[in-house]
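Student: build me a structure from this.
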Amino acid sequence: MEQTVLNGCDLTLEQLCRTVREGAEAVIDPAALDGIARSRALVEECVREGKVVYGLTTGFGKFSDVHISEEDAKTLQENLIMSHSCGVGEPLPQEVVRAMMLLRVNALSQGYSGIRLSTLETLVEMLNRGVIPVVPSQGSLGASGDLVPLAHMTLVLIGKGEAWYKGERMPGEEAMRRAGIAPVQLTSKEGLALINGTQCMTAVGSLAVCDAVNLMKAADVVAALTTEALCGIKDAFDPRIQEIRRQPGQMATARNILRLIEGSEHITRQGQIRVQDAYSLRCVPQIHGPSRDTIGYVKGILEREINAVTDNPLIFADTGDAISGGNFHGQYLSMGLDVLGIAAAELANVSERRIERMVNPQLSGLPAFLVKNGGLNSGFMIAQYTAAALVSENKVLAHPACVDSIPSSANQEDHVSMGMTAARKARKIIENVTNVLGIELLTAAQAIEFQGPEGLSPAGRAVWELVRSGTPAVEEDRIMYPDIHRCAGLIRSGAVVKAAEAVTGELE
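Tutor: Numbers count the residues shown, from 1 in each chain. Now for the predicted structure:
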């Protein structure tokens, strides 16, 4: 079985997504063991000597000035987990919780957190054996880290809370028993090490970025198919136009479109049918391009964050220092994921406009709502309504979370990031965009029926055949939602991009 080796230094987003979605086994890098042991030894020394170190010999947040004795250190850590388990809302998807567990192990493996190796190994066992804590989706301020969701994760580690095991939801203690894993009794610093980090918003954000990268390519593929369906003008994608704008995402998008429509008999030239297309076709490079560049920027933030140490205090065994800082603050993620949501939302905005052009006979030159015997049949009329509803919802969700802050812990924590809110919004926007692009894909395949698929580009033909392999053309009204769900699934799974790339080679 393929393994994902965790050392806190070189985990990639692709590895993260593959591990949590396909079930690769996680292991701690043997090279990380010495650092973990040395930081733990320093924690034990600090506790033994009664040094004043936040979270080791003091309370938390506003209680940082309250001294905690060595005898109470273990009680302090368990109390921390129980008191911080205040989440509400629907549980996070299991893939998100798996990602959160993987990322916490990766961060703690760097040896700056003071956790025992045995505790870390138990968390790895839970991940590999399928004990997935039930973690409510709401309650994190994104500073001090994701305290609430990570506390719910840790509850199961200590034999409390709830977990999923083999498809069944049950008490955490029972899940651990069935999996043959002994719960952990936390000791000094360990509870804080487990919950004081950005791993929940990073988990949601990392999966969202992976999906957005696929979605960006899929948006180009679907836009190209629509351009063929509407006999779009090739000249707008001329490299010379893009080069003098100097924007890399725009240039990459135009190159993709040209590769995707190459060989099409449906594509026209300037003045052949009309002088220029509407913006939703002509400006695809200028609209998709900024989203492409923005997704790339946010991907960079997440690639750094998944290998970051984000708890507090940090243990520097080489110098014997335990230093309080603010790496748990999620502003990088909050701002980045707000922008990711905006970038993704724009892909749906322009997609819905292309759908409208195809179903509107005054704009397309095709039968109204792409169906024969209109009036008796409504065809794709309401499919466009659904796309419009999702686009409108995205406009609400695209409001930034990072500009809000509500002080907490008696004003000790007087600026928070709301990064988890930004992450959850970005994930929902991407889900909506996937459905809008699925509707456009289905609509474009139908529009092509009225011209015939014979003149499609090789890439367009491959994508059209993928749609038609499980979704026949609409000859008369039928229940539409299964077709929409299937086409959205083709987008989500990457099948649409793979079909195109089988012809064009890898898209940018």
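Student: got the contact list for residue 291?
Tutor: 216, 219, 249, 343, 344, 346, 347 (Cβ atoms under 8 Å, 6 or more residues apart in numbering). In short, each C-beta sits where N, CA and C put it, glycine included.
Student: apply 10 Å and report the result again.
Tutor: With Cβ atoms under 10 Å, 6 or more residues apart in numbering as the criterion, the residues that contact residue 291 are 212, 215-216, 219, 249, 253, 340, 342-347, 349-350, 433.
Student: and it, that's in a helix?
Tutor: Yes - assigned with DSSP: H, G, I helix; E, B strand; the rest coil, residue 291 falls within a helix.
Student: restricting to C-alpha, output the helix or strand where residue 44 lies in PDB.
Tutor: Per DSSP states H and E, residue 44 falls inside helix 33-49. Output of helix 33-49 as PDB, limited to C-alpha atoms (Å, rounded to 0.1, in the frame of the first residue of the first chain):
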ATOM      1  CA  LEU A  33      11.700  11.000  16.000                       C
ATOM      2  CA  ASP A  34      14.800  12.600  17.500                       C
ATOM      3  CA  GLY A  35      13.300  16.100  17.300                       C
ATOM      4  CA  ILE A  36      10.000  15.000  18.800                       C
ATOM      5  CA  ALA A  37      11.900  13.300  21.700                       C
ATOM      6  CA  ARG A  38      14.100  16.300  22.400                       C
ATOM      7  CA  SER A  39      11.200  18.800  22.500                       C
ATOM      8  CA  ARG A  40       9.300  16.500  24.800                       C
ATOM      9  CA  ALA A  41      12.300  16.300  27.100                       C
ATOM     10  CA  LEU A  42      12.500  20.100  27.300                       C
ATOM     11  CA  VAL A  43       8.800  20.300  28.200                       C
ATOM     12  CA  GLU A  44       9.300  17.800  31.100                       C
ATOM     13  CA  GLU A  45      12.300  19.800  32.300                       C
ATOM     14  CA  CYS A  46      10.200  23.000  32.300                       C
ATOM     15  CA  VAL A  47       7.400  21.400  34.300                       C
ATOM     16  CA  ARG A  48       9.900  19.800  36.800                       C
ATOM     17  CA  GLU A  49      11.600  23.100  37.400                       C
END
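Student: now do the buried residues in stretch 183-191.
Tutor: For stretch 183-191, the neighbour count (16 or more other Cβ atoms under 10 Å) marks 183, 184, 186, 187, 188, 189, 190, 191 as buried.
Student: and of those, the nearest to residue 3?
Tutor: Nearest to residue 3 among the buried residues of stretch 183-191 is residue 184, at 23.1 Å by Cβ to Cβ.
Student: thinking again about what came up before, filter the contacts of residue 291 down to just the ones in strands.
Tutor: Secondary structure from DSSP state E places none of the contacts of residue 291 in strands.
Student: name the helices or strands packed onto the helix holding residue 44?
Tutor: Here helix 33-49 touches helix 73-84, helix 117-129, helix 190-195, strand 314-316, strand 321-323, going by 3 or more Cβ pairs under 10 Å, 6 or more residues apart in numbering; DSSP states H and E.
Student: ok, which of these comes nearest residue 495?
Tutor: Comparison of these against residue 495 by Cβ to Cβ identifies helix 117-129 as nearest, at 28.2 Å.
Student: any residues touching the following helix or strand past the closest one, and which ones?
Tutor: Next along the chain after helix 117-129, taking DSSP H and E as the criterion, comes strand 131-133. Residues outside strand 131-133 that contact it (Cβ under 10 Å, 6+ apart): 91-98, 100-101, 122-123, 125-126, 149-157, 161-166, 169-170, 172, 175-176, 178-181.
Student: flag the shaky bits of this protein, pLDDT-wise.
Tutor: For the chain, the stretches flagged by pLDDT under 70 are 1, 55-56, 61-62, 70.
Student: ok, 50 please
Tutor: Within the chain, no stretch has pLDDT under 50.
Student: ranges for the strands of it?
Tutor: 3-6, 25-28, 88-91, 131-133, 136-138, 162-165, 168-171, 314-316, 321-323.
Student: out of the contacts of strand 131-133, which are buried?
Tutor: Buried by 16+ other Cβ under 10 Å: 91-98, 100-101, 122-123, 125-126, 149-157, 161-165, 170, 172, 175-176, 178-179, 181, out of those.
Student: hey, where'd the helices end up in the stretch 201-350 of the chain?
Tutor: All helices of the stretch 201-350 of the chain, identified by DSSP state H, counting those that start in this stretch, fall at 239-243, 248-261, 279-282, 284-305, 331-359.
Student: tell me which of those is the most buried.
Tutor: Of these, the one with the most neighbours on average (mean count of other Cβ atoms under 10 Å) is helix 331-359, at a mean of 25.
Student: just checking, what packs against it?
Tutor: helix 199-229, helix 279-282, helix 284-305, helix 361-364, helix 381-397, helix 419-449.
Student: residue 139: which of these is closest?
Tutor: The nearest among the helices and strands packed on helix 331-359, by Cβ to Cβ, is helix 419-449 at 8.1 Å.
Student: distance of the residue nearest the centre of the chain from residue 12?
Tutor: With distances taken as Cα atoms, centre = their mean, residue 208 lies nearest the centre of the chain, 1.3 Å away. Distance of residue 208 to residue 12, given as Cβ to Cβ, to the nearest Å: 16 Å.
Student: same question for residue 330.
Tutor: Remark: distance between residue 330 and residue 12 (Cβ to Cβ) = 21 Å.
Student: repeat that for residue 220.
Tutor: From residue 220 to residue 12 the distance is 23 Å (Cβ to Cβ).
Student: residue 275: neighbour count?
Tutor: Residue 275 has 9 neighbours, counted by other Cβ atoms under 10 Å.
Student: contact partners for it?
Tutor: By Cβ under 10 Å, 6+ apart, residue 275 lies in contact with 233, 235.
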